[in-house]
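Enquirer: Just the structure for this:
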Amino acid sequence: MGGEKREGGLKNWSSKRLVLLGTVVVILAVGVAIITWWFAKPEYWVWLGERDFRGTFEYDARTKQLIVRNETGHEVQRATLGYRMPEVEWTWDDPWICNEGDFCFDWERRGVLSLVYEELIEERNLHCMNVTWQVNWEGRTEDETFYPYDCFDTTRAHWYGGAQVFSQRWPANNGSGEMQPYITNDYLSWGTANRDRYGSVMERFFVTSEGFGIVIEDDVPLHLSLNASGDGKMCILSNYTFHYPNPRGRLPHMKYSVCVGENARQVHEYMYHRYYRQPSGLPADLVLKRPIWSTWARYKKDINQSVVLEMAAEIVYWNMSASQIEIDDFWETRYGELHFNETKFPEPKNMFDYFHQKGWDGTVWVHPFTNIDSFTFEDNAVNGEPDYWVSASPQKATGQLDVPALTKWWCGTKYAALLDVTNPLARRWFVSRLEELRTNFTIDSFKFDAGEAQYLPDTNYRTYTTYTNPNYYSRDYAEMAAIFGGQTEVRVGYRSQELPVFVRMFDRNSVWGYDNGLKTLIPTALLFSILGYPYILPDMIGGNAYDDQLPDRELYIRWMAIATFMPTMQFSIAPWQYGAGDDEEVIRIARKFLEIHERDVYPQLVDFANNAVNGRRYAPIIRPLWWEDPENILAQTIDDEFMVGDQILVAPIVEPGTTTRNVYFPIEGANWRDARDRGRVYRGGEYRLIRVELDEVAYFFRS
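Expert: Below is the predicted model of the structure:
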């Protein structure tokens, strides 16, 4: 009996030892796994430069900080990738390693970040990285929803690029823009309601003075802020709000490329060459040489054939040059009919024949809208070809006929149909109507107004070709306009740099300041240039006189001085409106500036336009000072001087009541000769106080 107990006890003891041993093994295995995981885990936060990224890109997934350094080790950018990422209960707050790209981080139930480094063997001291976010909403709650949201520091460098805005500044981060859909807008037509929106020319492209650049891909439903309320950040957000069509129900995603190099010019040249196209040709030579005369600012809608011919006769009488006469709003019977109002214009062909006798061309203002009270709307939108218009959605699914999705615009209080420029039949129909106008009345070309994505209907709409990016409407509209040749003028720009047409600044107010006035002319011209739109039309000299008052005399003259050095000049308010007979000062100054433009500026415009078209890489015609002196700290912030190519430095007066200004002469060691018959030479790298009389503009030839 005792032996059996001992034997049973031994068996129990052996079983216990086995259980104990198994437990120890399991504990050791788990411990080893934890230790192995722990030591492997820091892989995602060590310096990426110590691995494959050559010290240029460092990402810490715990803090979500991306640090970018140039070849010398100097930090040029610090960004937060995954800004405002929500915490998720019952999951690790730190990410898991995944297998996409060179480095990949997976925040469970939120998103996946992939970083891919690019080897640029042919580019000296230039490094790039592609950044991609994919969201993961499986099983998430509303509080856990993550939208790709990355923010870049704007305080350590000056930023250039982006979008035209009401209060244009140079550099761009001297201004501000709240987080909003990054689509082309009309920021003037609805009073002050739209003034904080981005404007009609934009690209998803920025470079900084420290040699950092970013291009965001087109299919991202992009929202963007720049120094919002002075926060010192450029933030990008991906979210399918109603502005961005999403017929396939995609989740928000983000994809962009960042590059770092030696300076802003190097990074700009590389990224522009990689992501954008150079102009395919030059616009009309005569428009580069001589000014456009428009009816708009002077007459607004109160135009008729007699008024236009009187304006033409005044141009002849005062011995002013002209390239083309532009007949603006309101020549149609009703908006969208594209028929001359026979009461206002009884013999339009005779009027255009008169222009041609004088050696001028004639153009007419057009737009993509057809008001609902027009015969065109009744004949085509209702009874004829509804597919010509952006339509209400979804009608095809219900078996019903398409109906136009109406929109509002600035002409008339009623609604209008919007031309569907994605439909080849609609474009052909619209172009044929304009061609008929050209043939019947010997019109040479057109001023194409509007075209912003903002005017796509607020309700659900459908286009012939579905847009992933509503800014493609602006691109397609500009492409249609370019059919009519080099005299054509548009006011929208998005991915349309290759078109040899004039891109007009948005309507300017007749004021001095940054509130859409004179001081925004040079910053806007520099923006257009950097974005790849070299054929800049700086709107009407003196502004649009929207207060129905003649613009201030001094303002008008200083405005004319700046326009003298732009790719073309445009008058509407006439110099002789400021006095004639005993007081012809403004007329005399206008003739002087027109002569300077034709003699000194026009040849440079042609040369550098050819360079923009045929050069190995795009270089603008109107240039910021840093383009020729990219590492010069002073040149990086000057917003009241510019260069025509690399040969002319322009330093106009932009403040009222003064005849002196400080001029900075860029490029250490260069010589700048005063062009005002004074023969004085200034050395690059110095500031000088220069006197500039009212009838002058300070400009200097490089020698």
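Enquirer: for the stretch 551-700 of the chain, which spans come out with low pLDDT?
Expert: Under the criterion pLDDT under 70, the flagged ranges of the stretch 551-700 of the chain are 581-582.
Enquirer: which residue ranges form the strands in it?
Expert: Taking DSSP state E, counting those that start in this stretch, the strands of the stretch 551-700 of the chain run over residues 570-571, 622-623, 642-644, 648-651, 660-665, 671-674, 681-683, 686-691, 698-702.
Enquirer: Mind putting the ones you listed into JSON lines with distance to Thr208?
Expert: Backbone N, C-alpha and C define where each C-beta goes, glycine included. Listed next are the strands of the stretch 551-700 of the chain as JSON lines, based on distance: least, CB to CB, whole Å:
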{"stretch": "strand 570-571", "distance to Thr208": "33"}
{"stretch": "strand 622-623", "distance to Thr208": "17"}
{"stretch": "strand 642-644", "distance to Thr208": "19"}
{"stretch": "strand 648-651", "distance to Thr208": "24"}
{"stretch": "strand 660-665", "distance to Thr208": "20"}
{"stretch": "strand 671-674", "distance to Thr208": "27"}
{"stretch": "strand 681-683", "distance to Thr208": "28"}
{"stretch": "strand 686-691", "distance to Thr208": "24"}
{"stretch": "strand 698-702", "distance to Thr208": "26"}
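Enquirer: Leu309: which of these is closest?
Expert: strand 570-571 (16.5 Å; CB to CB).
Enquirer: element containing Leu224, please.
Expert: Leu224 belongs to strand 222-226 when assigned by DSSP states H and E.
Enquirer: Please state the offset of that strand from the chain centre?
Expert: Distance of strand 222-226 from the chain centroid (CA atoms, centre = their mean, to the nearest Å) equals 12 Å.
Enquirer: contacts for it?
Expert: Applying CB atoms under 8 Å, 6 or more residues apart in numbering, the set of residues contacting strand 222-226 from outside is 154, 159, 162, 172-173, 175-182, 198, 204, 216, 231, 233-239, 241.
Enquirer: Which ones among these map onto helices?
Expert: Per DSSP state H, helices hold no members of the contacts of strand 222-226.
Enquirer: From the residues you listed, list the buried ones, please.
Expert: 154, 159, 162, 172-173, 175-177, 180-182, 198, 204, 216, 233-239 (16 or more other CB atoms under 10 Å).
Enquirer: Name the spans of the protein whose pLDDT lies under the cut-off.
Expert: 1-54, 86-101, 109, 138-144, 381-386, 394-401, 412-413, 581-582.
Enquirer: So which residue is dead centre in it?
Expert: In the chain, the centroid-proximal residue (CA atoms, centre = their mean) is Met202; its distance is 1.4 Å.
Enquirer: Spatially, what comes nearest to it if we skip its sequence neighbours?
Expert: Closest residue in space to Met202, ignoring its immediate chain neighbours: Ala163 at 3.6 Å, by CB to CB, 6 or more residues apart in numbering.
Enquirer: my read is the residue nearest to the centre of the chain is in a strand, agree?
Expert: Yes: with DSSP: H, G, I helix; E, B strand; the rest coil as the criterion, Met202 is part of a strand.
Enquirer: His356 against Lys349, yeah?
Expert: No: counting by CB atoms under 8 Å, His356 does not reach Lys349; the two are 10.5 Å apart.
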